[in-house]
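Colleague: no sequence on this one, just coordinates:
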């Protein structure tokens, strides 16, 4: 058995004793997201989802670059004052993140965790800052409805019928600057998820693919930290949607944990029922924008004192799902608090 | 300006003061790699590149799982004795790594750095162990000739003509166990690369796309550490191939650095000239197998005392290259030594 590492709280959980502060966040979203109930919380709302670019992919990359530039501007930082960029997105070869990294020229950790990437990035940023490897980390993710639909399901131009379990991939990018000093909420713990597969093969039911992973990571967090739900003002999942939320609550209640009103889901929060998003929002951009735009304001203002952000990812690969494979899920969690 | 983090040696380089030991490595390769000059150094040589599976993708995932299982077996570890798995591969949604993570059920960081992923994984493993976040990390990558060709260029069944600049994607997986205690070479520093783009648009010339990134990371390493080439027995790049090696040497000689015989390239080493690999091997599996199978034996035996492993990645996305974009490169480096 390996020697107990000093920063480990339990099998899946690290603790960050040194200050790890989310000093600045930024968000850039599309029109639909701007029209939703959280619209006023986002920094930039683009009326043109193409951002003046010639392809959906270039538009998404530009959105991520703008979010990064805006976060830097808020801190009055130039890119060379940032030690590490940790980023990823949903596109093949995480191309939006790669192009943002090319523009910024910051030493770059490329991440892939599907829609869990934003929490993976926050966790890595916290490790780098807490451990003394970096003083300032920029972490960011993006998604775009039209790039995601054509890569994972059908091109939007095809006009396919979406079933009620389908989620609407958020067009948006969120970025956070994580530092060893400054003002803002702290990242104090992270729980790293393992991959869970319940045999879901329907690319229009990501909530069902992700809910077991979310349940597993939330359970692991409480087990590792010996905390209870009373220690949190909210458990904020990334993009389970209505279908996934129901499954998560059911899975956890079977283990004796009733989330009740303390469960918030970014995918449910970002759109109104009238916005035709069916089960809710999804995508890397969903948890990134709702956290960086909305949740963090509530933490800064004291409305939320401590939350567990649980970003959930469906590790959906069209290539192997077409070969008959199922869609595994993963969820990573970070504790954010004003301590 | 942020406070100087204690583990930072320079703008791009971390130092690992605590023991970070590569205790066990394993390799699984295909027939062609087994027939090459390093064939005897690999643990398992598969005569059937399909590994008895029905698709190339399933074969690659199985190869990665077998490499992980073999590394664990060498240490007499069960998966639940490993704190973190850090893995990635070339396939969309890093699906081989996701499925290996599903089988192993170890808390999982999914990485994407194209062919630089093996060094990205070693760097992250070193951070986790050095920083006290994990006592034992498993890091692994894979590639497969037939999965990569059909995803990035043409399906192998098509029988397209390969130009002389083309490289042969290595069919193979390598895994390493990185621990806070035990016997083996140490990881003592890591230099994290930033993204470089010289405007290459030819998916059959990855060496040219990666060479500038390799040159930049090697320069950054020497600048950050104030070391010189004399401090190293070899600078081992991942998969520049013959074309990329020539470019790297040219780029560095323009900066006054002559690598000479101290430059080794895993892509050149893995195949013989008669094996029809053109410019050399490539893929995540290339640096992983040559390092885990061949280089580390030379370090263990004292033939190499200290090396800089520079895994190079071409961040090639067929989708956006078809839209006219160029292929950026990235390179991450780790110092491996018997200290």
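Modeller: Everything's here; your move. Note that the structure is predicted; figures quoted are calculated from it, not measured. Residues are numbered from 1 along each chain as shown, chains lettered A, B, ... in the order given.
Colleague: low pLDDT regions in chain A?
Modeller: Within chain A, the segments meeting pLDDT under 70 span A:1-3.
Colleague: any idea where the helices of it begin and end?
Modeller: Along chain A, counting by DSSP state H, helices occupy A:31-35, A:56-74, A:95-104, A:117-130, A:145-152, A:206-225, A:241-254, A:266-269, A:284-289, A:296-300, A:318-321.
Colleague: quick check: the residue lying closest to residue A:329 once chain neighbours are set aside vs chain B, distance?
Modeller: Among residues not flanking residue A:329 along the chain, residue A:213 sits closest, at 3.6 Å (CB to CB, 6 or more residues apart in numbering or on different chains). C-beta: built from backbone N, CA, C; applies to glycine. Look at residue A:213 and chain B: by CB to the nearest CB, to the nearest Å, they are 10 Å apart.
Colleague: from what I see, residue A:213 and residue A:331 are in contact.
Modeller: Yes. Residue A:213 lies in contact with residue A:331 (CB atoms under 8 Å); the separation is 4.3 Å.
Colleague: more crowded one of these two?
Modeller: residue A:331 (34 against 28; other CB atoms under 10 Å in any protein chain shown).
Colleague: got a list of what that one touches?
Modeller: Residues in contact with residue A:331 (CB atoms under 8 Å, 6 or more residues apart in numbering or on different chains) are A:116, A:119, A:193, A:210, A:213-214, A:216-218, A:237-238, A:310-313.
Colleague: just give me the closest of those residues to chain B.
Modeller: Of all the contacts of residue A:331, residue A:193 has the smallest distance to chain B: 6.5 Å, by CB to the nearest CB.
Colleague: returning to what we had before: name the residues contacting each of residue A:213 and residue A:331.
Modeller: Counting by CB under 8 Å, 6+ apart, the shared contacts of residue A:213 and residue A:331 are A:116, A:193, A:312-313.
Colleague: what subset of those is also close to chain B?
Modeller: residue A:193 (CB under 8 Å from any CB of the partner chain).
Colleague: taking the shared contacts of residue A:213 and residue A:331 one by one, which sit in strands?
Modeller: A:312-313 (DSSP state E).
Colleague: by neighbour count, which of the shared contacts of residue A:213 and residue A:331 wins?
Modeller: residue A:312 (38 neighbours).
Colleague: list the contacts of the residue nearest to that one when sequence neighbours are not counted.
Modeller: Excluding its sequence neighbours, the residue lying closest to residue A:312 (CB to CB, 6+ apart) is residue A:210, at 4.0 Å. For residue A:210, the contacting residues are A:115, A:239-240, A:244, A:312-314, A:329, A:331, by CB under 8 Å, 6+ apart.
Colleague: do the same with residue A:91
Modeller: Residues in contact with residue A:91 (CB under 8 Å, 6+ apart) are A:57, A:60, A:147-148, A:151, B:317, B:319.
Colleague: do that again at 7 Å, thanks
Modeller: Contacts for residue A:91 (CB atoms under 7 Å, 6 or more residues apart in numbering or on different chains) come out as A:57, A:60, A:147, A:151.
Colleague: those: which two are farthest apart?
Modeller: A:60 and A:151 (10.7 Å; CB to CB).
Colleague: re the thing from before, near chain B too, which of the contacts of residue A:91?
Modeller: By CB under 7 Å from any CB of the partner chain, the members of the contacts of residue A:91 lying near chain B are residue A:57.
Colleague: nearest to chain B, of the contacts of residue A:91?
Modeller: residue A:57 (5.2 Å).
Colleague: the closest one: how many residues sit nearby?
Modeller: Close neighbours of residue A:57, defined as other CB under 10 Å, add up to 24.
Colleague: that one touches residue A:147, doesn't it?
Modeller: Yes. Counting by CB atoms under 7 Å, residue A:147 is a contact partner of residue A:57 at 5.4 Å.
Colleague: coming back round to it: what's the most buried one of the helices of chain A?
Modeller: Of those, the one with the most neighbours on average (mean count of other CB atoms under 10 Å in any protein chain shown) is helix A:284-289, at a mean of 37.
Colleague: centre of the chain versus that helix, how much separation?
Modeller: 5 Å (CA atoms, centre = their mean, to the nearest Å).
Colleague: and it, anywhere near chain B?
Modeller: No. Helix A:284-289 stays clear of chain B (CB under 7 Å from any CB), getting no nearer than 12.3 Å.
Colleague: which helices and strands does that helix pack with?
Modeller: Packing partners of helix A:284-289 (3 or more CB pairs under 7 Å, 6 or more residues apart in numbering or on different chains; DSSP states H and E): helix A:117-130, strand A:136-143, strand A:172-179, helix A:266-269.
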